[in-house]
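Chemist: Okay, sequence plus prediction incoming.
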Amino acid sequence: DAGVIQSPRHEVTEMGQEVTLRCKPISGHDYLFWYRQTMMRGLELLIYFNNNVPIDDSGMPEDRFSAKMPNASFSTLKIQPSEPRDSAVYFCASSPAKGATPSSYEQYFGPGTRLTVT
Amino acid sequence: SQELEQSPQSLIVQEGKNLTINCTSSKTLYGLYWYKQKYGEGLIFLMMLQKGGEEKSHEKITAKLDEKKQQSSLHITASQPSHAGIYLCGAARLYGKLTFGQGTILTVHP
């Protein structure tokens, strides 16, 4: 398996532009997570899905952020309009977690997308 | 509030030295995951602990979970430059979710 795939790896855009980040999880994993990492705030969970359904989006900073998972093999995180404070590394992770079994909660992370908004 | 506290926040050691990173939870840990991250890359899974008193080792890295299941430690013996990076602990929460600590930045000088 190729692991979790994210694209693009780097994105530089101007303030006000729309940005779309993409993720392909590991086949067979029912959970998909979007994180944001900055030096100031560390690793923050933005939203996660179970079987393509959003379970918890309380970490999404504001309405400018939206995430979709149209099928089991693809998810997007969109920022519209983008702002300089959105500059960060965005990670996607997937997990084979099964219900209330903590030992199965290992998450497999993609390489991340480094977003710079100027 | 931060559910997981890692200490220290950063650590600089000379190659060959031993070191310990701690992860403390305000709640009982039902599954504690340790990850390592190199700059600019994704997180790599190291070990998972579940039972009170459990200890696991991989190469020169040993992780322990205390009997009360509220604190875990990661110990590196005879550190090498390849051990440098960010170490994060993650606590299993409901239904697949992990809550992460703020990370410990490890620098190993040759």
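Modeler: Great, that's in hand.
Chemist: So, low pLDDT: which residues of chain A?
Modeler: A:1, A:100 (pLDDT under 70).
Chemist: Show me what the least confident helix or strand in chain B by mean pLDDT is packed up against.
Modeler: Every helix and strand of chain B was ranked by mean pLDDT, DSSP states H and E. The lowest is strand B:98-100, at a mean of 89. Packing partners of strand B:98-100 (3 or more CB pairs under 8 Å, 6 or more residues apart in numbering or on different chains; DSSP states H and E): strand A:42-50, strand B:85-92. For glycine as for every other residue, the C-beta is placed from the backbone atoms N, C-alpha and C.
Chemist: could you check the angle strand B:85-92 makes with the first one?
Modeler: Orientation of strand A:42-50 against strand B:85-92 (axes from the mean of the first three to the mean of the last three CA atoms, to 10 degrees) gives an angle of 40 degrees.
Chemist: tell me which residues of the very next helix or strand once past strand A:42-50 are tucked away?
Modeler: Using DSSP states H and E, the helix or strand that directly follows strand A:42-50 along the chain is strand A:53-56. For strand A:53-56, the neighbour count (16 or more other CB atoms under 10 Å in any protein chain shown) marks A:55, A:56 as buried.
Chemist: What strands line up against whatever helix or strand comes next after strand A:53-56, and which way round?
Modeler: Going down the chain from strand A:53-56, the next helix or strand is strand A:65-71, by DSSP H and E. Each strand paired with strand A:65-71, and its direction, by DSSP bridges: strand A:74-79 (antiparallel).
Chemist: Go through the strand it pairs with and flag the buried ones.
Modeler: Buried residues in strand A:74-79, counted by 16+ other CB under 10 Å: A:75, A:77, A:79.
Chemist: Contacts only, for the first one.
Modeler: Same thing as residue A:75. Contact analysis of residue A:75 by CB atoms under 8 Å, 6 or more residues apart in numbering or on different chains lists A:22, A:23, A:24, A:25, A:32, A:34, A:49, A:67, A:68, A:69, A:92.
Chemist: can you count the residues close to the nearest residue to the third one once chain neighbours are set aside?
Modeler: Leaving aside its chain neighbours, residue A:24 sits nearest to residue A:5 (4.2 Å; criterion: CB to CB, 6 or more residues apart in numbering or on different chains). Using other CB atoms under 10 Å in any protein chain shown as the criterion, residue A:5 is surrounded by 15 other residues.
Chemist: Residue A:5 against residue A:23, yeah?
Modeler: Yes. With contact defined as CB atoms under 8 Å, residue A:5 counts as touching residue A:23 (7.1 Å).
Chemist: Please enumerate the shared neighbours of these two.
Modeler: residue A:110.
Chemist: who's residue B:43 bridged to?
Modeler: Beta bridges link residue B:43 to residue B:37 when assigned by DSSP bridges.
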